[in-house]
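Student: Okay, here's the prediction I keep looking at, along with the sequence it came from:
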Amino acid sequence: MEDVLKILESLVMNYGINILLALVILIIGTWIARIMTKSVVKVMNAQKVDPTLVKFLSGLVKAVLYIFVIIAAIDKAGIESTSFIAILGAAGLAVGFALQGSLSNFAAGVMLIIFKPIKVGDFVEAAGVMGSVEEIGIFVTTLTTPDNKVIYVPNSQMGGGIITNFSIKDTRRVDMEFGIGYSDDIDKARKVILEILSSDSRILKDPVPDVFVGTLADSSVNFKVRPWVNAADYWGVYSDTTENIKKKFDENNISIPFPQTDVHLYNVNEN
């Protein structure tokens, strides 16, 4: 029994102080890590960094600081930390290979947040889909389509392809095309179109709308009609102008050609 007590006393004398110091390092280190993390958050908020990125980077900084504190405490306690670091590195490498796709999405998400080709509320076309941006996450971007479907697009696809943002500019040009028959009066048709455009208060006066003959097709003379509108009025002007031109063309006996097939029947006299 005395031998056991001597061994315990020896262990306490040799390792007790180191264990106590390790606990002190752990407590003080975590406190410092929290303070540094809060400082990083304040700096990023002052620089108006995107909240999503602030949340992620602050968590990453906190995790890295905690790892350093834990390694320092383990080393001070007398435990060999080299093997622990090696194991941690090997585990990190294995996780990295397993999460290649996720890491790619993360990198693309950071780029989207930093360079801001899109922002929440924008109407965009990317990765083969169209919709309003609901959220730009670290790994996926959430879009809501005009028919109220929710689409989750991996950031690697969102940031790795062409993005068309319809909401960045305040104004947009509405591109439309209307055909009339070859026997119809071109000047009369142009006058009717311009009257319709001038009567719509949503159509901007500057730039002046373009109305011109664009193509001479197989069965029609096609007008290019290009008024400018505020971005919010785009679809309303598009649909209303299309309907009004059809009605006005009918009122003014201006034909709108459509594909037709002529069938010729021949009587073959039997001999």
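Tutor: In hand now; what should we look at? Numbers count the residues shown, from 1 in each chain.

Student: List the contacts of the closest residue in space to Asn252 that isn't next to it in sequence.
Tutor: Setting aside the residues directly before and after it, Asn252 is nearest to Val192 in space (Cβ to Cβ, 6 or more residues apart in numbering), at 5.7 Å. No exception for glycine: its C-beta is placed from N, CA and C like everyone else's. Counting by Cβ atoms under 8 Å, 6 or more residues apart in numbering, Val192 makes contact with Ile245, Lys248, Phe249, Asn252, Ile254.

Student: Show me these that map onto helices.
Tutor: Ile245, Lys248, Phe249 (DSSP state H).

Student: Please report how far the residue nearest to Asn252 lies from Val211.
Tutor: To Val211, Val192 is 10 Å away according to Cβ to Cβ, to the nearest Å.

Student: and if you look at Asp122?
Tutor: For Asp122, the distance to Val211 equals 30 Å [Cβ to Cβ].

Student: Equivalent analysis for Ile19, please.
Tutor: 86 Å.

Student: Lys116 too?
Tutor: From Lys116 to Val211 the distance is 37 Å (Cβ to Cβ).

Student: Looking at the two, which one has more neighbours?
Tutor: Using other Cβ atoms under 10 Å as the criterion, Lys116 and Val211 rank with Val211 on top: 20 against 12.

Student: ok so, going back, where does the residue nearest to Asn252 fall, secondary structure wise?
Tutor: Assigned by DSSP states H and E, Val192 belongs to helix 186-198.

Student: Tell me which helix or strand comes right after that helix.
Tutor: Counting by DSSP H and E, the element after helix 186-198 in chain order, helix or strand, is strand 210-216.

Student: Where do the domain boundaries of this protein fall?
Tutor: Using automatic domain parsing, the domain parsing of the chain gives 2-98, 118-165, 171-251.

Student: Rebuild those as a markdown table, extending it with distance to Met111 and mean pLDDT.
Tutor: Compiled in a markdown table, the domains of the chain are given as follows (distance: least, Cβ to Cβ, whole Å; pLDDT from 0 to 100):
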| stretch | distance to Met111 | mean pLDDT |
| --- | --- | --- |
| domain 2-98 | 11 | 71 |
| domain 118-165 | 5 | 90 |
| domain 171-251 | 25 | 95 |
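
Student: Nearest to Phe106 among these would be which one?
Tutor: For the domains of the chain, the distance to Phe106 is smallest for domain 118-165, at 5.6 Å, taking Cβ to Cβ.

Student: What's the end-to-end length of that closest one?
Tutor: 7 Å (Cα to Cα, to the nearest Å).

Student: Now Leu57: which helix or strand?
Tutor: Counting by DSSP H and E, the element that carries Leu57 is helix 51-76.

Student: Pull out the buried residues from that helix.
Tutor: For helix 51-76, a neighbour-count test (16 or more other Cβ atoms under 10 Å) marks 52-54, 56-58, 61-62, 65-66, 69-70, 73-76 as buried.

Student: That one packs against which elements?
Tutor: helix 17-46, helix 81-98, helix 100-115 (3 or more Cβ pairs under 8 Å, 6 or more residues apart in numbering; DSSP states H and E).

Student: Quick check: neighbours of the helix or strand following the shortest one in the sheet, parallel or antiparallel?
Tutor: In this case it means helix 100-115. Using DSSP H and E, the next helix or strand after helix 100-115 towards the C-terminus is strand 123-126. With DSSP bridges as the test, strand 123-126 is paired with strand 129-136 (antiparallel), strand 163-165 (antiparallel).

Student: Contacts only, for the residue lying closest to Ser255 once chain neighbours are set aside.
Tutor: Nearest residue to Ser255, sequence neighbours excluded (Cβ to Cβ, 6+ apart): Gly181, at 4.1 Å. Applying Cβ under 8 Å, 6+ apart to Gly181 gives the contacts Ser219, Ser220, Val221, Ile254, Ser255, Ile256, Pro257.
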